[in-house]
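A.B. asks: predicted model follows, preceded by the sequence.
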Amino acid sequence: MAEVVIVDSGEAAGRLVADHIAELVHLNPEMVLGVATGSSPLSVYRELARRRSQGVDFGRSQGVDFGRAWAFALDEYVGLPEGHPQSYRAVIDREVTVPLGFDPARVNVPDGGDEGIESTGERYEEALVARGGVDLQLLGIGTTGHIGFNEPGSSFGSLTRVKTLTTQTRADNARFFDSPDEVPIHCVTQGLGTILRARHLVLLAFGEAKAKAVAAAVEGAMTASLPGSAIQLHEHVTVVIDEAAASRLEHADYYRWAQDHKPAWQGI
Ligand code: GLP
């Protein structure tokens with residue numbers, strides 16, 4: 001089962017997860033961080049960026065240095081012009097690579113360019129395997145229950161490939177574009193099987209709009225119809241959510257109880 005941590009705010013989630021990532025990169029400066037786009041992981045990136053620029057104390061070490069670490073993004077739109085501000089390459093550059101100080105040559109985003117798109121998934125899988133896989137994968141969850149861009153119906157064994165976005169996801173993401181028609185129809189996303197290979201999954205979700213998807217992913221039946229439920233197969237999952245996102249969880253009281261009695265030596 002996943003460990004569910006219910007926090008007071010996005011900032012508290014950011015601090016908790018940033019603590020852990022900072023520790024990982026301190027222990028292994030060449031760690032592989034799986035990065036996600038969307039608003040959910042932003043508090044983690046902001047907290048890491050703050051520590052990087054201020055060299056804030058966080059227990060075992062000082063500051064945080066991603067200069068030798070690697071990053072792999074979950075997904076990308078297909079067919080956006082190169083440099084489009086809403087391409088996930090551009091988003092990851094803005095939110096992660098620059099503020100956290102990654103070497104751009106060590107930041108990987110699936111190639112959503114039309115040329116060679118048939119084999120783009122295979123190439124991404126090869127790059128992931130060559131790097132030894134992801135140590136910690138940050139995840140958000142879409143209102144359709146998607147993780148990455150694995151829409152309902154995605155196989156639990158799926159690898160990086162081209163997918164078609166649902167009407168719901170295109171509508172959810174239309175706010176980032178000038179008009180809803182501009183949202184691409186296709187994407188390339190790590191598969192559920194790819195995501196499940198990461199050594200630790202950290203799923204973040206905030207707000208009432210996510211409550212249904214969170215409850216289904218954490219406590220519902222495991223089904224390809226709710227791709228986020230694939231996390232139930234993983235041996236090391238941490239779900240970090242606020243009260244609103246936790247509001248439909250049947251066992252929320254138990255999760256709070258477990259956190260209150262968590263052995264001091266156990267991290268996330
Ligand atoms: C997008 C991304 C997902 C993300 C989801 C939720 O569709 N492909 O990786 O988890 O949106 O976004 P947000 O965190 O902004 O709610």
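C.D. replies: Cool, the structure landed.

A.B. asks: could you use CA atoms for every contact and neighbour count after this?
C.D. replies: Noted.

A.B. asks: pull out the buried positions in stretch 28-44.
C.D. replies: 29-38, 40-44 (16 or more other CA atoms under 10 Å).

A.B. asks: for the ligand, what is the nearest residue in the stretch 101-250 of the chain?
C.D. replies: Gly140 (3.3 Å; CA to the nearest ligand atom).

A.B. asks: tell me, how many neighbours does that residue end up with?
C.D. replies: For Gly140, the neighbour count with other CA atoms under 10 Å is 25.

A.B. asks: and Ser225, by the same measure?
C.D. replies: 16.

A.B. asks: residue contacts, it?
C.D. replies: Each residue near Ser225 by CA atoms under 8 Å, 6 or more residues apart in numbering is listed here: Pro152, Gly153, Ser154.

A.B. asks: which stretches of the stretch 101-250 of the chain form strands?
C.D. replies: Using DSSP state E, counting those that start in this stretch, the strands of the stretch 101-250 of the chain run over residues 107-108, 136-139, 161-164, 186-189, 201-205, 237-242.

A.B. asks: one step back: look up how far Gly191 lies from the residue of the stretch 101-250 of the chain closest to the ligand.
C.D. replies: Using CA to CA, to the nearest Å, we find Gly140 at a distance of 14 Å from Gly191.

A.B. asks: who in this structure is up against the ligand?
C.D. replies: Ala36, Thr37, Gly38, Ser39, Ser40, Leu139, Gly140, Ile141, Gly142, Ile147, Gly148, Phe149 (CA under 6 Å from any ligand atom).

A.B. asks: present those residues as TSV; the columns should include pLDDT and distance to Leu100.
C.D. replies: Shown next, in TSV, are the residues of the chain next to the ligand (pLDDT from 0 to 100; distance: CA to CA, whole Å):
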residue	pLDDT	distance to Leu100
Ala36	98	14
Thr37	97	15
Gly38	94	17
Ser39	95	17
Ser40	97	17
Leu139	98	18
Gly140	98	19
Ile141	97	23
Gly142	93	25
Ile147	98	23
Gly148	98	21
Phe149	97	24
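
A.B. asks: one step back: now do the contacts for the residue of the stretch 101-250 of the chain closest to the ligand.
C.D. replies: Counted by CA under 8 Å, 6+ apart, Gly140 has contacts Ala36, Thr37, Gly38, Ser40, Pro41, Ile147, Gly148, Leu203, Leu204, Ala205.

A.B. asks: specify which member of these is nearest to Gly133.
C.D. replies: Set against Gly133, the nearest of the contacts of Gly140 by CA to CA is Ala36 (15.5 Å).

A.B. asks: quick one, what contacts the closest one?
C.D. replies: Taking CA under 8 Å, 6+ apart, one finds Ala73, Leu74, Asp75, Leu138, Leu139, Gly140, Gly148 in contact with Ala36.

A.B. asks: number of nearby residues for the fifth one?
C.D. replies: I take that to be Leu139. A count of nearby residues for Leu139, using other CA under 10 Å, gives 25.

A.B. asks: tell me the contacts of it?
C.D. replies: Taking CA under 8 Å, 6+ apart, one finds Val35, Ala36, Pro41, Ile147, Gly148, Leu201, Val202, Leu203, Leu204 in contact with Leu139.

A.B. asks: could you redo the last one with a cut-off of 7 Å?
C.D. replies: Ala36, Ile147, Val202, Leu203, Leu204 (CA atoms under 7 Å, 6 or more residues apart in numbering).

A.B. asks: centre of the chain to the longest helix seen in the chain, how far?
C.D. replies: For the chain, the longest helix by residue count, based on DSSP state H, is helix 10-27. Distance, stretch centre to chain centre, for helix 10-27: 14 Å (CA atoms, centre = their mean, to the nearest Å).

A.B. asks: so what's the gap between whichever helix or strand comes after that helix and the chain middle?
C.D. replies: For helix 10-27, the following helix or strand on the C-terminal side (DSSP states H and E) is strand 32-35. Here strand 32-35 is found 8 Å from its chain centre; the criterion is CA atoms, centre = their mean.
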